[in-house]
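**Student:** structure for the following, please:
(2 chains)
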Number of protein chains: 2
Amino acid sequence: MGRWEPDAAGRLREAALELYVAQGYEQTTVAEIAERAGVTARTFFRHFADKREVLFGGSEELQARMTAAVEAAPPEAGPLDAVAAALDAAAGMIGGDHQRSKRRQAVLMANPELRERELMKMARLGDTLATVLGRRGGIDDDDARLVAEAGIAAFRIGFERWVGGPRSADLAAVLEEAWGRLRGLVGDRP
Amino acid sequence: MGRWEPDAAGRLREAALELYVAQGYEQTTVAEIAERAGVTARTFFRHFADKREVLFGGSEELQARMTAAVEAAPPEAGPLDAVAAALDAAAGMIGGDHQRSKRRQAVLMANPELRERELMKMARLGDTLATVLGRRGGIDDDDARLVAEAGIAAFRIGFERWVGGPRSADLAAVLEEAWGRLRGLVGDRP
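**Tutor:** Prediction:
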């Protein structure tokens, strides 16, 4: 990244989302995104592989942060608390920019192929969480998958609720509530 | 369907799965499937729109059966029991042919595009279950989604366990166990 473009990536992301929402993802070209951000197409490609990457570039980092949170949970924490820590880490990463998430969600919802890709990312995230939960020990592989998938369900539904709500809402609190509600709803209590 | 081909659809399905497993889904043509089943390609197309449909033709019926089971659950049954009824209905439909499910799963796992399509089907199934759970009343929309998604997680993980296990295992029992385990694992007990 050139020193004279301190936040080219951020401006490109912003420009891309604005264009995707305004005129549609398919109709938007990299040249248009670069122009709106005031940079060259070459600069775009220094930051993103293609226009889809603008939407999904954060997925790797999200997975890395959630995974790290599970791994950093104290050994005595159970899998449920480890999942709660992962949700909190996710909120720490994406909760600060409601508008960006809202725009991104609108673009995904308007395009079945992008929605499908998002589902794949979520499936992979669930698999990875299950793996790190299992690695902590004390839980067999199928159980780790069940807990991880439940956590992903809470993440997805909480996130969608947050994205559709007022920008003042706190994602961490919404995800925590979704996880707590899910646990309360399906919990096998006497 | 011609009267002289009493189970052409069944034979085509069988032939297709054998070929997909043996030589790969991409490499298999409709002509080969028809030949192996001892029918014409025209007969194939009377039963299936294309070779992908052989794998996904049952999804609509699965969704219909699970939905019907939720709707048929007695009004006093809670959402958890309604989900249990849906899982039981799914087992009633697909639990009788372990080999077919095992082959189908092997084909899906070998092909990212098919796996993606399966994820989409599962996502749609989750949405539909949430809708019918919500329609029963007594639960708000987000809660219905949380319960439905948890049910789908139990279905997927239980199903995969069953498919990878001995053919003598009873799918209904495996799904019931997965649902019970999930409830026990994430349950918010004091």
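
**Student:** excluding residues flanking it in the chain, which one is nearest residue A:169?
**Tutor:** Distance criterion C-beta to C-beta, 6 or more residues apart in numbering or on different chains; nearest residue to residue A:169, sequence neighbours excluded, is residue A:162 at 5.6 Å. C-betas here are computed from N, CA, C, even on glycine.

**Student:** need the contact list for that neighbour.
**Tutor:** Counting by C-beta atoms under 8 Å, 6 or more residues apart in numbering or on different chains, residue A:162 makes contact with A:95, A:98, A:101, A:169, A:171, A:174, A:175.

**Student:** look up the pLDDT of the residue of chain A found nearest chain B for me, please.
**Tutor:** In chain A, the residue that lies nearest chain B is residue A:187 (2.9 Å; C-beta to the nearest C-beta). pLDDT, residue A:187: 84.

**Student:** that one against residue B:185, yeah?
**Tutor:** No - applying C-beta atoms under 8 Å as the test, residue A:187 and residue B:185 come out as separate, 9.5 Å apart.

**Student:** those two: which has the busier surroundings?
**Tutor:** Taking other C-beta atoms under 10 Å in any protein chain shown, residue A:187 and residue B:185 do not tie; residue B:185 has more neighbours (20 against 15).

**Student:** distance check, the more buried one against residue A:142.
**Tutor:** Using C-beta to C-beta, to the nearest Å, residue B:185 is found at 10 Å from residue A:142.

**Student:** who are the packing partners of the helix or strand where residue A:45 lies?
**Tutor:** Element membership for residue A:45 (DSSP states H and E) is helix A:41-47. Secondary-structure packing of helix A:41-47 (3 or more C-beta pairs under 8 Å, 6 or more residues apart in numbering or on different chains; DSSP states H and E): helix A:8-23, helix A:30-37.

**Student:** now these in CSV, with mean neighbour count?
**Tutor:** Shown next, in CSV, are the helices and strands packed on helix A:41-47 (neighbours: other C-beta atoms under 10 Å in any protein chain shown):
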stretch, mean neighbour count
helix A:8-23, 19
helix A:30-37, 18
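
**Student:** for the ones you listed, give me TSV that also has mean pLDDT and distance to residue B:89.
**Tutor:** What follows is the helices and strands packed on helix A:41-47, written out as TSV (pLDDT from 0 to 100; distance: least, C-beta to C-beta, whole Å):
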stretch	mean pLDDT	distance to residue B:89
helix A:8-23	94	40
helix A:30-37	97	48
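
**Student:** any chance of these in CSV, with distance to chain B too?
**Tutor:** Shown next, in CSV, are the helices and strands packed on helix A:41-47 (distance: least, C-beta to the nearest C-beta, whole Å):
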stretch, distance to chain B
helix A:8-23, 21
helix A:30-37, 25
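
**Student:** turn those helices into a markdown table, columns for distance to residue B:85.
**Tutor:** Putting those into a markdown table (distance: least, C-beta to C-beta, whole Å) gives the following:
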| stretch | distance to residue B:85 |
| --- | --- |
| helix A:8-23 | 41 |
| helix A:30-37 | 50 |
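
**Student:** out of those helices, nearest to residue A:114?
**Tutor:** Nearest to residue A:114 among the helices and strands packed on helix A:41-47 is helix A:8-23 (9.4 Å), distances taken as C-beta to C-beta.
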